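[1] Turn this into a structure:
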Amino acid sequence: MSERNDRRLPGSGRLAMAVMAIALVAAGGGAYLWYRTAGAPQPVQVQQQETTPAAKPNEPFMATLYLPAEGKLGAAVVAVKRDPDVQLQAWEAVGAVLAGDQGGKAAVLKELKLRALYLDASGTVYLDLSPIAAGQKEIRASVQEELLAVYALVNTVTQNFPEVRQVRVLVDGREAQTLAGHIDLSRSLMKRMDLVRTR
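    Reported below is the predicted structural model:
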């Protein structure tokens, strides 16, 4: 070997050490950055939500009832008995519509009573209605009267209770085609806000 090949350039050892130090610092900084952004669990920021105070059991439930009047449905906010169970609370609201204490009843509603109400897991409420008069087979009403009576019940239940998505109407515990011969009750009914009078 020649003597030339064994010689090192002056200061080359320090240069190599400086390059290695810079590489180590860069690698350490990169690892730290990765740990802070991806490796470590990030704290979750919880957004403060305004909470409404829980209603007291003896306070009434303020229900919006949809009642037939002058060819449309009118909305009236009334106090009904509060119940923590959604089904029982819905029963109170439907009962208030059928009671007609808010300025009279529609022709169809005054002939009906609520036999049962059931809310299933899919969000369907079953309203089991029955004519008030024993042995009454049919209810006489115009198309508009029957339409408003049915949707008075449907809108009242769907608007007051977010758990309710649709309504099925039964008569005397059985599926019914209609109440007064005009409106098809063989399917699930959704709310119809187009029937509600706007101010």
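
[2] Let's verify residue 191: helix, strand, or coil?
    coil (DSSP: H, G, I helix; E, B strand; the rest coil).

[3] Report the separation between it and residue 18.
    In this view, residue 191 and residue 18 are 76 Å apart by C-beta to C-beta, to the nearest Å. C-betas here are computed from N, CA, C, even on glycine.

[4] between these two, who's got more neighbours?
    Taking neighbours as other C-beta atoms under 10 Å, residue 191 and residue 18 compare with residue 191 leading, 19 against 11.

[5] wait, doesn't the more buried one sit right on residue 156?
    No: in this structure, residue 191 is not within contact of residue 156 by C-beta atoms under 8 Å, at 9.3 Å.

[6] Any buried residues in the helix or strand harbouring residue 66, and which?
    Per DSSP states H and E, residue 66 falls inside strand 61-69. Using 16 or more other C-beta atoms under 10 Å as the test for burial, strand 61-69 gives 63, 65-69.

[7] Can you give the strand pairings for it, parallel or anti for each?
    Counting by DSSP bridges, the strands paired with strand 61-69 are strand 72-80 (antiparallel).

[8] what residues does stretch 76-89 touch?
    55, 57-65, 67, 91-93, 95-96, 101-103, 117-119, 160-161, 163 (C-beta atoms under 8 Å, 6 or more residues apart in numbering).

[9] just checking, which of those belong to helices?
    Using DSSP state H, the subset of the contacts of stretch 76-89 located in helices is 91-93, 95-96, 160.

[10] Neighbour count, distance to residue 23 and pLDDT added to these, as CSV?
    Shown next, in CSV, are the ones in helices among the contacts of stretch 76-89 (neighbours: other C-beta atoms under 10 Å; distance: C-beta to C-beta, whole Å; pLDDT from 0 to 100):
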residue, neighbour count, distance to residue 23, pLDDT
91, 20, 76, 95
92, 17, 76, 93
93, 22, 74, 94
95, 14, 80, 92
96, 20, 79, 91
160, 21, 69, 95
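
[11] Name the nearest of these relative to residue 138.
    residue 95 (23.2 Å; C-beta to C-beta).

[12] Let me see the contact set for the closest one.
    By C-beta under 8 Å, 6+ apart, the neighbours of residue 95 are 80, 114.

[13] residue closest to the middle of this protein?
    residue 162 (3.8 Å; C-alpha atoms, centre = their mean).

[14] mind checking pLDDT for that one?
    Looking at residue 162, its pLDDT is 94.

[15] can you pull out the strands in the protein?
    For the chain, applying DSSP state E gives strands covering 61-69, 72-80, 112-119, 124-131, 166-171, 174-175.

[16] How far away from the center of its chain is the shortest one?
    What that stands for is strand 174-175. 27 Å (C-alpha atoms, centre = their mean, to the nearest Å).

[17] do the first one as well
    With C-alpha atoms, centre = their mean as the basis, the distance from the averaged C-alpha position of strand 61-69 to the chain average is 19 Å.

[18] still on that earlier bit, quick one, phi psi at the residue nearest to the centre of the chain?
    Main-chain dihedrals, residue 162, degrees, to the nearest 10: phi -60, psi -20.
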